[in-house]
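Participant: make a model of this:
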Amino acid sequence: MNSFFRSIAGAALLLAGALPTGAQPAGDAAPTVRPVVSPAMPPAAGISFAQARQWLLERSDRLGAAASALDSARLRRQAMQGLGGPSIAVTGMAYHYSAHADISLDPARRSLNDILSLLPPQLGGAIGGQLPPLPDSLNLQRESSRASASVSLLWPIYLGGLADAVRGELDALADEARADADATQHSQDTLLVQRYFGAQLAARAAQLRQQALAGVREHADAADRMLQAGVISELERLQARAALADAEQQARKAEDDARLAATALGRTLKFAAPVQPGSALFLHSQPLAPLQDFIDAAQRHHPGLAKVQAKRRQAGALHDAQEALRRPQVLGFGTHQLATQGKPNWVAGLAVRYTLWDSVDRDLLAAATQKKIDQAEQTEQQALSDIALLVEKNWLAVEQARSQYLAQQAQEDLAHELLRLRTAALKEGTGTPLELIDARLNLARVQTERAQTANQYVQALAALLEATGQAEDFERHMAQADIQIPMQAP
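Facilitator: Reported below is the predicted structural model:
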């Protein structure tokens, strides 16, 4: 809420006085309460994606902050439900006073002498002789305690629609907070997909590297024995040993990458130790639904559009508040004394206020708020275009990853066949250990590339669902997948 609108709301609050907070407008849910979960060690076995998501919902600080912001907006809206209604106040006052006064008696003495001079001399002298002499002044002192109480009523009967404009602004602010919370939820879901399946990919790559290393070590040892038997040359043995050293280095790097990815997943879920994923990478062999279906879903569910629409409603409420200030305001008021002796005092009436001339140009302010509405509408149109483009980009990325994974099946089949032929050739003496090592490393590379493609599919799918405002549907797509990447490398 900008400063101008805050001043309007403040003025309305002064008119409405203490407002009831128990009323709750229709459609507002109760404040979100997030359970506080104490940190714990992750299970030794791999955790499923569903379990990881549940932990994320319970432990994410960003989600907690978004929920608090949403609760704040809801409670503020509920507090203003009675804005524009009557306000009753009780005023009590108790006091003690002490008063002192000196009164001059000279005027009274002169008046008395004047009266006596008007009487016959004998009568005036007799009366004057019997009267006591008046002092020059008289000192008065009074001290007492008093108490009073009164009840007063103030009822804004008509404010020109100002109260409705304030409530409309707060409704829009609550909707904006909901859109921000949804956007945070979706971004955290996407982050979890990145960390979870990134860790899964790194673990699989490490397994493939370890398997390849075991085969290369076996073939390097065989090359040593073949050199002693005179079957191969020293150069071929050195080539085998060099390949072994490179395989060891690649395996160590893959192991470090897997440990780092598991640690990143653990940090995301608020664990101090690395977390091992238990759900496999997946794909759908069939294409996704048509692109237009996802664009239509984005226009219905994307939180960015909901936020832009909330901004447009805020601008409209601000415009309504500006127009309300042009209209007259009617207030009812009354006050009644309590606990008084005798008949109590009271007063009641109506007050009407209408601004005939103001130093502020209301026409220009109204034009400015209308421009805000125009800006929000144009921003919404641009957002629709940008989101449609983003959806198309992610939809194409999903389809490209799916097609690439299916096409890589031929490369993996070729790599398996080449390894089989190299193994047979070495047994028959027509092949070399280095050729067999190359074939085994080539198979590990192809399998790793396929796993990377599967991860690209998963990440693109998560991004697509986030762009359409359907990030919570990721688990459904995962359950419906007909291709599962084995957790353990074959």
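Participant: please make it C-alpha for all contacts and neighbour counts, starting now.
Facilitator: Noted.
Participant: and for A451, the neighbour number?
Facilitator: 22 (other C-alpha atoms under 10 Å).
Participant: quick one: contacts for it?
Facilitator: L201, R204, A205, L281, I485 (C-alpha atoms under 8 Å, 6 or more residues apart in numbering).
Participant: in what helix or strand does R146 lie?
Facilitator: strand 137-158 (DSSP states H and E).
Participant: I misspoke; the intended subject was L227.
Facilitator: Using DSSP H and E, L227 falls in helix 162-228.
Participant: give me the pLDDT for the residue nearest to A471 when sequence neighbours are not counted.
Facilitator: Nearest non-adjacent residue to A471, counting by C-alpha to C-alpha, 6 or more residues apart in numbering: L465, 4.8 Å away. According to the prediction, L465 has pLDDT 96.
Participant: contacting residues for L465?
Facilitator: A471, D473, F474.
Participant: neighbour count and pLDDT for these - can I get that in JSON lines?
Facilitator: Below are these laid out as JSON lines (neighbours: other C-alpha atoms under 10 Å; pLDDT from 0 to 100):
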{"residue": "A471", "neighbour count": "23", "pLDDT": "93"}
{"residue": "D473", "neighbour count": "12", "pLDDT": "94"}
{"residue": "F474", "neighbour count": "19", "pLDDT": "96"}
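Participant: can you tell me which of these are in helices?
Facilitator: Among the contacts of L465, the residues falling in helices (DSSP state H) are F474.
Participant: what about E176, neighbour count?
Facilitator: 25.
Participant: quick one, what contacts the spatially closest residue to it that is not a sequence neighbour?
Facilitator: When the adjacent residues along the chain are set aside, E176 lies closest to K307, with 4.9 Å between them (C-alpha to C-alpha, 6+ apart). Residues in contact with K307, defined by C-alpha under 8 Å, 6+ apart, are D175, E176, A179, D180.
Participant: separation between the first one and Q370?
Facilitator: Applying C-alpha to C-alpha, to the nearest Å, the value for D175 to Q370 is 21 Å.
Participant: the more surrounded of these two?
Facilitator: D175 (22 against 17).
Participant: what segments of this structure are helices?
Facilitator: Listed in chain order, the helices of the chain (DSSP H) span 3-16, 49-59, 61-79, 106-117, 121-130, 162-228, 234-268, 291-301, 303-324, 362-428, 433-467, 474-480.
Participant: output the contacting helices and strands for the second one.
Facilitator: Yep, that's helix 49-59 we're talking about. helix 162-228 (3 or more C-alpha pairs under 8 Å, 6 or more residues apart in numbering; DSSP states H and E).
Participant: mind running it again at 10 Å?
Facilitator: Judged by 3 or more C-alpha pairs under 10 Å, 6 or more residues apart in numbering; DSSP states H and E, helix 49-59 is in contact with helix 61-79, helix 162-228, helix 234-268, helix 474-480.
Participant: need the ones you listed in JSON lines (columns: distance to H416).
Facilitator: Converted to JSON lines, these look like this (distance: least, C-alpha to C-alpha, whole Å):
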{"stretch": "helix 61-79", "distance to H416": "47"}
{"stretch": "helix 162-228", "distance to H416": "13"}
{"stretch": "helix 234-268", "distance to H416": "19"}
{"stretch": "helix 474-480", "distance to H416": "28"}
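Participant: which of those helices sits most buried?
Facilitator: helix 162-228 (a mean of 22; mean count of other C-alpha atoms under 10 Å).
Participant: for stretch 151-165, list the C-alpha coordinates in CSV.
Facilitator: What follows is stretch 151-165 as a C-alpha-only set of coordinates in CSV (Å, rounded to 0.1, in the frame of the first residue of the first chain):
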residue,chain,number,x,y,z
VAL,A,151,-20.2,7.0,26.7
SER,A,152,-19.9,8.2,23.2
LEU,A,153,-21.0,6.8,19.8
LEU,A,154,-19.5,7.6,16.4
TRP,A,155,-21.0,6.1,13.3
PRO,A,156,-19.7,6.9,9.8
ILE,A,157,-23.1,6.6,7.9
TYR,A,158,-21.7,7.4,4.5
LEU,A,159,-18.1,7.8,3.4
GLY,A,160,-18.6,7.8,-0.3
GLY,A,161,-17.4,4.2,-0.7
LEU,A,162,-14.0,4.7,1.1
ALA,A,163,-14.5,1.7,3.3
ASP,A,164,-15.2,-0.6,0.4
ALA,A,165,-12.2,0.8,-1.5
